[in-house]
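> with the sequence up front, the predicted model follows.
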Amino acid sequence: MDIALYVLAALLIGGGLAGAVLPALPGIPMLFGGIWLAAAVDGYRHLGLWWLLLIGALGTLGVIVDFVAGTLGAKRVGASKRALWGAGLGTLVGMFFGIPGLLFGPFLGALAGELASGTSVLRSAHVGVGTWLGLLLGTLVKVVLSFVMVGLFGLAMLFG
């Protein structure tokens with residue numbers, strides 16, 4: 001039974017790493033779930049409470065960055081409050097439309113919000129691109145944090 005659970009943990013970790021790039025998968029939660037499952041099967045001998053708290057804190061940071069990256073990108077280029085709200089709503093609504101929704105939802109939301117605040121189409125497009133670049137940077141941070149989580153898991157299993 002342990003072997004099957006370790007295989008499931010490895011699949012969750014692999015799927016979590018894929019989900020760090022593919023927006024359709026909940027990458028970091030899957031990754032943390034796989035790490036936690038492996039620790040539980042091991043009886044928490046190698047990966048104890050403090051390791052799990054550290055890895056969980058990194059995972060929480062990754063999820064937060066993932067949700068606010070688009071909004072921060074819009075804010076960085078001087079977007080209006082309506083554009084910031086639009087980017088946030090675009091992210092939320094985009095989650096229900098798969099990969100295209102997650103890629104274009106924040107951009108379209110920021111664009112619509114900036115247009116609603118009365119700025120030009122060119123300025124609104126600039127804000128939309130800033131939002132999209134924020135998402136790209138957020139994805140990069142999420143990927144790095146995912147690999148750090150796996151690295152810490154490996155260290156704990158080898159030396160813990």
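That came through, no problem.
> show me the contacts for Trp50.
For Trp50, no contacting residues are found, by C-beta atoms under 8 Å, 6 or more residues apart in numbering. For every residue, glycine as well, the C-beta is placed using N, CA and C.
> in this protein, which residue is most central in space?
The residue lying closest to the centre of the chain (C-alpha atoms, centre = their mean) is Asp66, at 3.6 Å.
> helix or strand: which one has it?
If you go by DSSP states H and E, Asp66 is part of helix 49-76.
> how near is the residue nearest to the centre of the chain to Gly19?
For Asp66, the distance to Gly19 (C-beta to C-beta, to the nearest Å) stands at 10 Å.
> same check on Phe107?
Applying C-beta to C-beta to Phe107 and Gly19 gives a distance of 21 Å.
> and the two? Which one has more around it.
Between Phe107 and Gly19, Phe107 has the larger neighbour count (other C-beta atoms under 10 Å), namely 27 against 20.
> contacts only, for the more buried one.
Gly70, Gly90, Gly128, Val129, Thr131, Trp132, Leu135.
> now the third one, nearest residue through space, not along the chain?
Looking back up the chat, that one is Gly128. Closest residue to Gly128 apart from its sequence neighbours, by C-beta to C-beta, 6 or more residues apart in numbering: Leu111 at 3.9 Å.
> is that neighbour in contact with Val129, as I believe?
No - counting by C-beta atoms under 8 Å, Leu111 stays clear of Val129, with 9.1 Å between them.
> who's more crowded, those two?
Relative neighbour count places Leu111 above the other of Leu111 and Val129, with 26 against 16, counting by other C-beta under 10 Å.
> just the buried residues of the one helix or strand that one maps to, please?
Element membership of Leu111 [criterion: DSSP H and E] is helix 98-116. Residues 101-115 are the ones in helix 98-116 that count as buried (16 or more other C-beta atoms under 10 Å).
> and of those, the nearest to Leu158?
Comparing these against Leu158 with C-beta to C-beta places Leu102 closest, at 35.4 Å.
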